[in-house]
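Asks: Here you go, sequence then predicted model.
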Amino acid sequence: KFNTCFSSDRHSAGIRQDMAEGTALGVTGTPTFFINGRELVGAQPPPKFDEVIDEELARAQAAASPRQAMK
């Protein structure tokens, strides 16, 4: 069953599309992760993802907050 699935072209178009998108984004290897456009290359420990996600959430909240009117 593995050999049948492996030799099948069933997912080739999707794989080519993913590879083209990765190339366009400058991805040169795996794993590569994008969090809100921020690139993380290589295997990362879970706390690194927590850190980046928290930073991106804070940045998004700051950008969405209404600015105080100047007095």
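Replies: Received the coordinates, thanks.
Asks: need the strands for this structure, in chain order.
Replies: For the chain, the strands defined by DSSP state E occupy 32-35, 38-41.
Asks: Quick check: buried residues in the first one?
Replies: Of the residues in strand 32-35, those scored as buried under the neighbour-count criterion (16 or more other C-beta atoms under 10 Å) are residue 33. C-betas here are computed from N, CA, C, even on glycine.
Asks: Quick one: distance of it to the chain centre.
Replies: On the basis of C-alpha atoms, centre = their mean, to the nearest Å, strand 32-35 sits 3 Å off its chain's mean C-alpha point.
Asks: what packs against that strand?
Replies: When contacts are defined as 3 or more C-beta pairs under 8 Å, 6 or more residues apart in numbering; DSSP states H and E, strand 32-35 packs onto strand 38-41, helix 46-64.
Asks: Adding mean pLDDT and distance to residue 24, write the strands of the chain out as JSON lines.
Replies: Putting the strands of the chain into JSON lines (pLDDT from 0 to 100; distance: least, C-beta to C-beta, whole Å) gives the following:
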{"stretch": "strand 32-35", "mean pLDDT": "96", "distance to residue 24": "12"}
{"stretch": "strand 38-41", "mean pLDDT": "96", "distance to residue 24": "13"}
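Asks: which one of those strands lies closest to residue 9?
Replies: If you check each of the strands of the chain against residue 9 by C-beta to C-beta, strand 32-35 wins as the nearest, at 25.1 Å.
Asks: which residue packs closest to residue 40, ignoring adjacent ones?
Replies: Nearest non-adjacent residue to residue 40, counting by C-beta to C-beta, 6 or more residues apart in numbering: residue 33, 4.4 Å away.
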